[in-house]
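Peer 1: Generate coordinates for the sequence data below:
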Amino acid sequence: MEPNLLETEPVPGVAWLCLNRPANRNALDGALVAALHEALLRHCERPATRVVVLAATGSAFCAGADLPAMGALGRGPWQANLDDAHGLARLLLALRRCSRPTLAVVQGAAIGGGVGLTAACDLAIGSTAAHFRLPEVRLGLAPALISPYVLEAIGARQARRYCLSGEPLTAERACELGLLHEVVAPAALTEAALALAGELAQGAPGALAACKQLLADAGHRGPNEALAADTAERLARLRAGAEAQEGIAAAIARRTPGWRS
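Peer 2: Residues are numbered from 1 along each chain as shown. So this is what the prediction gives:
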């Protein structure tokens, strides 16, 4: 049987993780969540991996939870129900905390948890055929696990509308709200994703990780003396590091820095 997660490396350093349950519209069950979590952890520690791309096979990016499995979990033992919820929570956190830049490539429908996967990635690009929906309240649920990422991506006011209404979002509207960074024609999606991954790979690996941590730490704090002191210390540490010394020397000499070779 074909695995439910495909891993390829279309260009060196770009790990392409592809949800592969097309018959189920790439719905998230325990096996797929576990496979994606394991692959993420592995690539986030692999020196050769510079960018992690999350994509999907078939017509849908991710239809959210596997509804028959979710119904069975709700009827089953509490601990199994809770453990499954924690599994998806850990996956979303791993996407956000990955030391490598993460890029969602959305070719079709992203529903519920599919919106969460998109929002948890650092960047997201979609085709004009992509569309989004948060239908949890229409199922007697709430978008609990994905809510922090959705709130961060589109803001509280817009999240209230789309989480409470369950109405669909076009790719263009998702881009206006900030869930997507770019929308392209379906035929151009892979090329655009690889081009963006190439831009991300230009950065020094340690600097990219430090930048991600900086944005996570500073994003919810207004400018103040403590934040100014914290960011000054971070800059001083980075400036004294080997990557910065190499990057500055390469820029002065007008040559390519070592990490890009």
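Peer 1: my read: His131 touches Gly114, true?
Peer 2: No: with contacts defined as CB atoms under 8 Å, His131 does not count as touching Gly114, sitting 10.3 Å away. The C-beta positions use only the backbone N, C-alpha and C, and glycine is treated the same way.
Peer 1: ok, these two, which is more surrounded?
Peer 2: Between His131 and Gly114, counted using other CB atoms under 10 Å, Gly114 has the larger neighbour count: 30 against 21.
Peer 1: need the helices for this structure, in chain order.
Peer 2: Here the chain has its helices, by DSSP state H, at 30-45, 67-75, 78-97, 113-120, 147-154, 156-165, 171-177, 189-200, 205-218, 225-239, 242-253.
Peer 1: Who are the packing partners of the longest one?
Peer 2: Same thing as helix 78-97. Applying 3 or more CB pairs under 8 Å, 6 or more residues apart in numbering; DSSP states H and E, we find helix 78-97 packed against helix 30-45, helix 67-75, helix 113-120.
Peer 1: Now it: average pLDDT?
Peer 2: The average pLDDT for helix 78-97 rounds to 92.
Peer 1: Let me know the angle separating that helix from helix 147-154.
Peer 2: Between the axis of helix 78-97 and that of helix 147-154 there is an angle of 30 degrees, by axes from the mean of the first three to the mean of the last three CA atoms, to 10 degrees.
Peer 1: swap in the last one?
Peer 2: Relative orientation of helix 242-253 with respect to helix 147-154: 20 degrees, computed using the same axes, to 10 degrees.
Peer 1: What helices and strands are in contact with helix 242-253?
Peer 2: For helix 242-253, the contact count by 3+ CB pairs under 8 Å, 6+ apart identifies helix 205-218 as packing neighbours.
Peer 1: Now do the same contact list for Val106.
Peer 2: With contact taken as CB atoms under 8 Å, 6 or more residues apart in numbering, Val106 is in contact with Ala56, Phe61, Gly114, Thr118, Ala124, Ile125, Gly126, Ser127, Ala130, Ala171, Leu180.
Peer 1: Tell me which of these fall in strands.
Peer 2: Ala56, Phe61, Ala124, Ile125, Gly126, Ser127 (DSSP state E).
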